[in-house]
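> Give me a 3D structure for the following:
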Amino acid sequence: MALHLKEKGHRVTGTKRTEEGAESIRSLGIPCREFHISRPPESGQADDLFNADTVLINIPPGRKNLELQQFFQDIKSVIDRVKQSDVRQIIFISTTSVYGELTGKVTEATPSQPVTASGEVHHDIEQYIQQQLGERGVILRLAGLVGGDRHPVKYLAGRTGISQGEKPVNLIHRDDCVTAITAIIEKEIKGKVMLLCSPDHPSRADFYTWAASEMQLSPPQFERNGNDGKYIDGTSTINMLKLTLKYPSPYDMPLPENS
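Below you'll find the predicted structure:
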């Protein structure tokens, strides 16, 4: 994301939790500073981060309940800091897990019904952003992420008795996420809840069996049930941003090397 914005002529400052991590980003020619959301910096130490036109929050939560509770409080503290600043736009990367077990077509306007702890904490953060930042806030819910070494088939290969094989796949490629976030920044979108997912939704059984075969992995074995799943429709967001997705189908998305 930072490299793409830099190539487009934007001035970017990144953050990493450790000085070692920050140095790894500086080696790419991008200014970066150590910043840990659980350890608020002393007064004045992070003024450069909040003296920007846009703040992009893309931080994954932990998996344990205590970590999620702390994550919520930490993100709230960042939002409160933004509220007191002159930042014009804050983009929070959320997840389609806020829709829980809804079925059928799901859009930006569909009310959230989270059922997992992660879905609930993202829903709460979304609500806090809308309450505290109003038009300055943008929420971008991403479907399952593919890109680089990341691909869900790696965690499904060889498994048996996987239920819900007929549920539709909801995936989006990292490159399309980067393009969408760039468009949100450059078009100065504000006060929106947005959604990103490829428009093609093959069944889990069909797609992951194909992907495993292509990668020469042991095929996952699915139970052919669950055809009442949800499919994420991000058409409104794609049209608003005037995007042409690079990978409109999961079958188009490059598979990672099998190592």
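
> I'd like to know how far residue 236 sits from residue 192.
10 Å (C-beta to C-beta, to the nearest Å). Every residue, glycine included, has its C-beta placed from N, CA and C.

> Which residues are in contact with each of these two?
residue 108 (C-beta atoms under 8 Å, 6 or more residues apart in numbering).

> and the worst-scoring helix or strand of the chain on mean pLDDT, what other elements does it pack with?
Lowest on mean pLDDT, DSSP states H and E among the helices and strands of the chain sits helix 65-83, with a mean of 87. Other elements packing on helix 65-83 under the criterion 3 or more C-beta pairs under 8 Å, 6 or more residues apart in numbering; DSSP states H and E are strand 54-57, strand 89-95, helix 117-133.

> which of those sits most buried?
strand 89-95 (a mean of 22; mean count of other C-beta atoms under 10 Å).

> Let me know the angle separating it from helix 65-83.
Interaxial angle, strand 89-95 versus helix 65-83 (axes from the mean of the first three to the mean of the last three C-alpha atoms, to 10 degrees): 160 degrees.

> What is strand 89-95 packed up against?
By 3+ C-beta pairs under 8 Å, 6+ apart, strand 89-95 packs against strand 54-57, helix 65-83, helix 117-133, strand 137-142, helix 174-186.

> contact partners of that strand?
53-58, 75, 79, 82, 118-119, 122, 125-126, 129, 133, 136-142, 181, 184-185, 188-190.

> Tabulate the CA atom coordinates of it in PDB.
The C-alpha coordinates for strand 89-95 follow below in PDB (Å, rounded to 0.1, in the frame of the first residue of the first chain):
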ATOM      1  CA  GLN A  89     -10.100  11.400   6.400                       C
ATOM      2  CA  ILE A  90      -9.600   8.200   8.400                       C
ATOM      3  CA  ILE A  91     -10.000   4.900   6.600                       C
ATOM      4  CA  PHE A  92     -10.600   1.900   8.800                       C
ATOM      5  CA  ILE A  93     -10.000  -1.500   7.200                       C
ATOM      6  CA  SER A  94     -12.800  -3.800   8.500                       C
ATOM      7  CA  THR A  95     -14.000  -7.200   7.600                       C
END
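
> I'd guessed residue 223 sits against residue 164; true?
Yes: at 7.4 Å, residue 223 counts as touching residue 164 under the criterion of C-beta atoms under 8 Å.

> between these two, who's got more neighbours?
With neighbours defined as other C-beta atoms under 10 Å, residue 223 and residue 164 compare such that residue 164 has more, 16 against 13.

> wait, is the more buried one part of a strand?
No: counting by DSSP: H, G, I helix; E, B strand; the rest coil, residue 164 is located in no strand; its state is coil.

> Near the residue nearest to it when sequence neighbours are not counted, how many residues? Count them for me, please.
Of all residues not flanking residue 164 in the chain, residue 226 sits nearest, at 3.1 Å (C-beta to C-beta, 6 or more residues apart in numbering). The local packing of residue 226 (other C-beta under 10 Å) involves 18 other residues.

> and residue 226, helix, strand or coil?
Assignment for residue 226 (three-state DSSP): coil.

> So what's the predicted local confidence for it?
Reading off the confidence values, residue 226 has pLDDT 74.

> again, but for the one 5 residues further on
pLDDT for residue 231: 94.

> What of residue 52?
pLDDT, residue 52: 91.

> And it, how close does it get to residue 212?
Counting by C-beta to C-beta, the gap from residue 52 to residue 212 is 43 Å.

> again with residue 145
From residue 145 to residue 212 the distance is 19 Å (C-beta to C-beta).

> same check, this time on residue 141
28 Å.

> So between those two, which is more surrounded?
More crowded of residue 141 and residue 212, by other C-beta under 10 Å: residue 141, with 25 against 20.
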